[in-house]
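[1] Output the structure for:
(2 chains)
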Amino acid sequence: MPQTRLEYRNVTMRFPESSGAGSLTAIREVSFSIADREVVSLIGPSGCGKSTLLNIGAGLYAASEGDAFVDSERVEGPNAHVAFMLQKDLLLPWRSIAENVMFGLEIQGCDRAERHRRAQALLESFGLKDFAGHYPHQLSGGMRQRAALARTLAVDPSVLLLDEPFSAVDAQTRIVLQRDLAQTLMRAGKTALLITHDLAEAVILSDRVLVMSRRPGRIIDEINVELPDRDDPIARRGHPKLGDYVARLMQKLDIGSDGLGSDGPGATAPAGAA
Amino acid sequence: MSDAARRTLVRRGTVASVVLLVIFLAAWEWGPGLLGVPHFIIPPLSLVAEEFVRMWQVNHLLMHTAVTAGEVVAGFVIGSLLGALIGYLLGMSPTAEFALSPYILALQIAPKVAFAPLFILWMGFTVYPKILVAVLIVFFPVMINVLTAVRTVDPDLVNLARSFKASRAQIFWKIEFPSSMPPMFAGLRIGSTLAVVGVVVGELVGGNRGLGYLLSFGEGQANTPMVFVTILMLTLVGSVAYLAVILIERRVLHYLPSRSIGF
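    Numbering: from 1, shown residues only, chains lettered A, B, ... in the order given. Modelled structure (predicted):
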């Protein structure tokens, strides 16, 4: 049995209602675990608590009930085992790309020579070597996101938490970034939990897809992706069974049953006879 | 904007500026005579230039300018440092801001220059009351901008630093402080021009040094050219202070996309 890297045990999260009394349950009794080197995607309707789960895993929020464990240690706050990456690249505009990649290492007190060595290696492997001294505004969105991924990997976390990392880049850049991520995860042997709204992306990047319900979010289904080439999402994109997986996920999410996805009624009435 | 378009804009703009300057100076020199405006209302350019030379030789114009400039620099530096310090402290402590906000608001609304006579009563005809008025007047734009900047730092950036286990001090020095630089410089620009206002009002109220003193001296003698010269020197002091801030801003904020940092 492979080692468990990340585990949620009966995690419930409630937020106080902004109107005053009462509370809002964002996620309810979520339990799942991710094995070493496994890549798992989390999909679900907007506002179902996916990002909250990620923040709990990163130790930024404490769960109302239940616990998260990383490498069998209870998560009690931010810790060096986990690193996260968001849709926003969060590059610091006043730091060069190399300095941004070193940001986490610098905070963790890694010495200067080692910092530079690791940043150089990462920039090289992400094709950013020539941009080490550039500032973020001088780079394209795709390059910035790649720099953000390099920064995430620089601290050598055992688990990566990725919150819609590619949803802000254009479709072609996304395909390239997906390939870079898949290859990096495979090469470095990393474990990852990926949140995405793109059902095809969930299938082509992961070993497993978890489906969450509407709020209060619960895990309502789990699909094992039995496709080859997890490190080659472009090949998976062309796989004949991809469509079947996406169709199954659409069905689980109840997309298409009312013509508008899961966000309620409101489709325009069919036009009458002319 | 492309480089070529930018160069064209700069060239055309410079030409237009120079043409305007020439028209303005000509109108100043000959306009009053043509319109029959007496010299004690608007002295022509040549009279003002003569007065400048006379004041330089007789009235220690350079000394008075230096005194005013020194007070402006002192008031601006102290006021900005205090404003930034209090801005950061209040920015990081919502409780302190909540408790102090009515007093800050009251002090901000009170016309700062009205404190000048009070400060002169306290400290006499020295440079200190002038510096103090400048400190007070520079303090607010800097403090408000820093406070707002600290408040509006992207919480995801702070979470990013926290996820790497950053300490409170690290979050401040590596995220909040650098994030606050662009708004702080906007405050400093405003402060650099207000500092001159503060100092001049202080000098007008009392003392026998500085350009403000020359202003009231010239007024007392009904010497209009003297008042003109003094106003020009004050504008010069203010412009140098403003340009100094812009030069420092360009160095500090070198990482920002090259904007058309106008004036």
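
[2] The closest residue to B:Pro32 other than its chain neighbours: which element?
    Leaving aside its sequence neighbours, B:Pro32 sits nearest to B:Ile42 (C-beta to C-beta, 6 or more residues apart in numbering or on different chains; 4.7 Å). Heads up, the C-betas are built off the backbone N, CA and C, glycines and all. Under DSSP states H and E, no helix or strand contains B:Ile42.

[3] The strand or helix carrying B:Arg11: what's the following helix or strand?
    B:Arg11 belongs to helix B:3-35 when assigned by DSSP H and E. Counting by DSSP H and E, the next helix or strand C-terminal to helix B:3-35 is helix B:45-58.

[4] who's in contact with the residue of the stretch 1-150 of chain B found nearest chain A?
    As assessed by C-beta to the nearest C-beta, chain A sits closest to B:Ala149 within the stretch 1-150 of chain B, at 13.3 Å. Residues in contact with B:Ala149, defined by C-beta atoms under 8 Å, 6 or more residues apart in numbering or on different chains, are B:Gly87, B:Gly91, B:Ser179, B:Ser180, B:Pro182, B:Pro183, B:Met184.

[5] in what helix or strand does it lie?
    Here B:Ala149, judged by DSSP H and E, is contained in helix B:128-151.

[6] got the residues of the stretch 151-274 of chain A near chain B?
    A:Val155 (C-beta under 8 Å from any C-beta of the partner chain).

[7] Based on its surroundings, how many neighbours for the residue of the stretch 151-274 of chain A at minimum distance from chain B?
    Closest contact between the stretch 151-274 of chain A and chain B, by C-beta to the nearest C-beta, is at A:Val155 (6.5 Å). A count of nearby residues for A:Val155, using other C-beta atoms under 10 Å in any protein chain shown, gives 21.

[8] my read: B:Phe164 touches A:Val155, true?
    Yes: the pair B:Phe164 / A:Val155 is scored as a contact, 6.5 Å apart, by C-beta atoms under 8 Å.

[9] coming back round to it: after the helix holding B:Ala149 comes which helix or strand?
    Next along from helix B:128-151, by DSSP H and E: helix B:155-163.

[10] ok, residues contacting the helix or strand of chain B with the lowest mean pLDDT?
    When each helix and strand of chain B is scored by mean pLDDT, DSSP states H and E, helix B:94-109 comes last, with a mean of 87. By C-beta under 8 Å, 6+ apart, the residues outside helix B:94-109 that reach it are B:Leu89, B:Leu90, B:Gly91, B:Phe140, B:Met143, B:Ile144, B:Leu147.

[11] Also stretch B:115-127?
    Here stretch B:115-127 makes contact (C-beta under 8 Å, 6+ apart) with B:67, B:70-71, B:74, B:128-130, B:132-133, B:136, B:201-202, B:204-210.

[12] Reformat the contacts of helix B:94-109 into CSV and put neighbour count next to each item.
    CSV is the format used below for the contacts of helix B:94-109 (neighbours: other C-beta atoms under 10 Å in any protein chain shown):
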residue, neighbour count
B:Leu89, 16
B:Leu90, 23
B:Gly91, 22
B:Phe140, 22
B:Met143, 27
B:Ile144, 18
B:Leu147, 24
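
[13] Quickly list what the closest residue to A:Ser72 other than its chain neighbours is bridged to.
    Of all residues not flanking A:Ser72 in the chain, A:Thr4 sits nearest, at 7.0 Å (C-beta to C-beta, 6+ apart). Beta-bridge partners recorded for A:Thr4 (DSSP bridges): A:Ala35.

[14] Counting neighbours, what do you get for A:Thr4?
    16.

[15] give the contact list for it.
    A:Ser33, A:Ile34, A:Ala35, A:Asp36, A:Phe69, A:Ser72.

[16] State the distance from the first one to chain B.
    Meaning A:Ser33. When distance is defined by C-beta to the nearest C-beta, to the nearest Å, A:Ser33 is 21 Å away from chain B.

[17] In the helix or strand harbouring that residue, which residues are buried?
    Assigned by DSSP H and E, A:Ser33 falls within strand A:23-35. Buried positions in strand A:23-35, judged by neighbour count with 16 or more other C-beta atoms under 10 Å in any protein chain shown: A:Ala26, A:Ile27, A:Arg28, A:Glu29, A:Val30, A:Phe32, A:Ile34, A:Ala35.

[18] Around chain A, pick out the residues from chain B.
    Counting by C-beta under 8 Å from any C-beta, chain B sits next to chain A at B:154, B:156-157, B:159-166, B:170, B:174-175, B:178, B:181, B:255-257.

[19] Need phi/psi at A:Phe84.
    Taking degrees, to the nearest 10, you get phi -120, psi 160 for the backbone angles of A:Phe84.

[20] picking up where we left off before, please spell out the ChimeraX selection for the buried subset of the residues of chain B next to chain A.
    Of the residues of chain B next to chain A, the buried ones go into a single ChimeraX selection, burial set by 16+ other C-beta under 10 Å:
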select /B:157,159,160,161,162,163,164,165,166,170,174,175,178,181,255,256
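
[21] ok, for B:Val73, nearest residue in space, not its chain neighbours?
    B:Ala241 (7.4 Å).

[22] who touches the one you found in this structure?
    B:Ala241 neighbours (C-beta under 8 Å, 6+ apart): B:Val72, B:Val73, B:Phe76, B:Ser192, B:Thr193, B:Ala195, B:Val196.

[23] by how many degrees do the strand or helix carrying the last one and helix B:128-151 diverge?
    The one in question is B:Val196. Element membership for B:Val196, per DSSP H and E: helix B:181-205. Angle of helix B:181-205 versus helix B:128-151, following axes from the mean of the first three to the mean of the last three C-alpha atoms, to 10 degrees, is 160 degrees.

[24] What average pLDDT does helix B:181-205 get?
    For helix B:181-205, the mean pLDDT works out to 94.

[25] ok so A:Leu210 is a helix residue?
    No: under the criterion used here (DSSP: H, G, I helix; E, B strand; the rest coil), A:Leu210 is strand, not part of a helix.

[26] Now do the contacts for B:Leu21.
    Neighbour list for B:Leu21: empty [criterion: C-beta under 8 Å, 6+ apart].

[27] Model confidence score at it, please.
    95.

[28] How about the one 3 residues further on?
    What the model reports as pLDDT for B:Phe24 is 95.

[29] Just to check, A:Arg118 is in contact with A:Leu105?
    Yes: with contacts defined as C-beta under 8 Å, A:Arg118 counts as touching A:Leu105 at a distance of 6.5 Å.
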